[in-house]
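Undergrad: pasting the sequence and the predicted model now:
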Amino acid sequence: LEDAALFETAGGFSPTMGIIGTVMGLVLVLARLGADSKELGRSVAVAFIATLYGISFANLIWLPIANKLKNQVKQFRLEKELIIVGVRSIQQGESPALVKEKIEGFLEERDKRALDETRAD
């Protein structure tokens, strides 16, 4: 989850960095206030693009990557836990039906349906 935390942090800071870019751009606009109005309009537009980039990177890149990593880690841990429960149950000489019941207790309803569909094939 440390990897996911890195991307979550980037997702949290990205809009802030965009706003900082906007403020810096607007400071430059104010410094050139007496300049041509077309130039000022372009400068303001460029300044606000920084915010757009910051928000876009957060919501389209950093946060989705963090969520995907968290889901993968969750799935990995569940798989390993299922393996441990199954192996321990087998080592203790429990019946296959009891081992199956223990393992299915970990699964969500959609996973149980998928397992049943796989068995039917």
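TA: Looks like it came in fine. Numbers count the residues shown, from 1 in each chain.

Undergrad: point out where this protein drops to low pLDDT.
TA: 115, 121 (pLDDT under 70).

Undergrad: which non-adjacent residue is nearest Ile55?
TA: Nearest non-adjacent residue to Ile55, counting by Cβ to Cβ, 6 or more residues apart in numbering: Pro15, 5.0 Å away. C-beta coordinates here come from the backbone N, C-alpha and C atoms, glycine included.

Undergrad: give the helix, strand or coil label for the one you found.
TA: helix (DSSP: H, G, I helix; E, B strand; the rest coil).

Undergrad: how about the most centrally placed residue in the chain, nearest residue that isn't a chain neighbour?
TA: Centroid check for the chain by Cα atoms, centre = their mean gives Asn67 as the closest residue, at 2.2 Å. Leaving aside its sequence neighbours, Asn67 sits nearest to Ala4 (Cβ to Cβ, 6+ apart; 7.7 Å).

Undergrad: go ahead and confirm that neighbour touches Ala66.
TA: Yes. The pair Ala4 / Ala66 is scored as a contact, 4.6 Å apart, by Cβ atoms under 8 Å.

Undergrad: and the residue lying farthest from the centre of the chain, how far from Ala47?
TA: Ranked by distance from the centre of the chain (Cα atoms, centre = their mean), the top residue is Gly34, with 45.3 Å. Per Cβ to Cβ, to the nearest Å, Gly34 is found 18 Å from Ala47.

Undergrad: what comes up buried for the helix or strand Leu26 falls within?
TA: Leu26 belongs to helix 2-31 when assigned by DSSP states H and E. Neighbour-count burial for helix 2-31, counted by 16 or more other Cβ atoms under 10 Å, picks out 4, 7-8, 10-11, 14-15, 17-18, 21-22, 25, 29.

Undergrad: now for that helix, which elements pack on it?
TA: Helix 2-31 makes packing contacts with helix 37-57, helix 63-91 when contacts are defined by 3 or more Cβ pairs under 8 Å, 6 or more residues apart in numbering; DSSP states H and E.

Undergrad: all good on my end, thank you.
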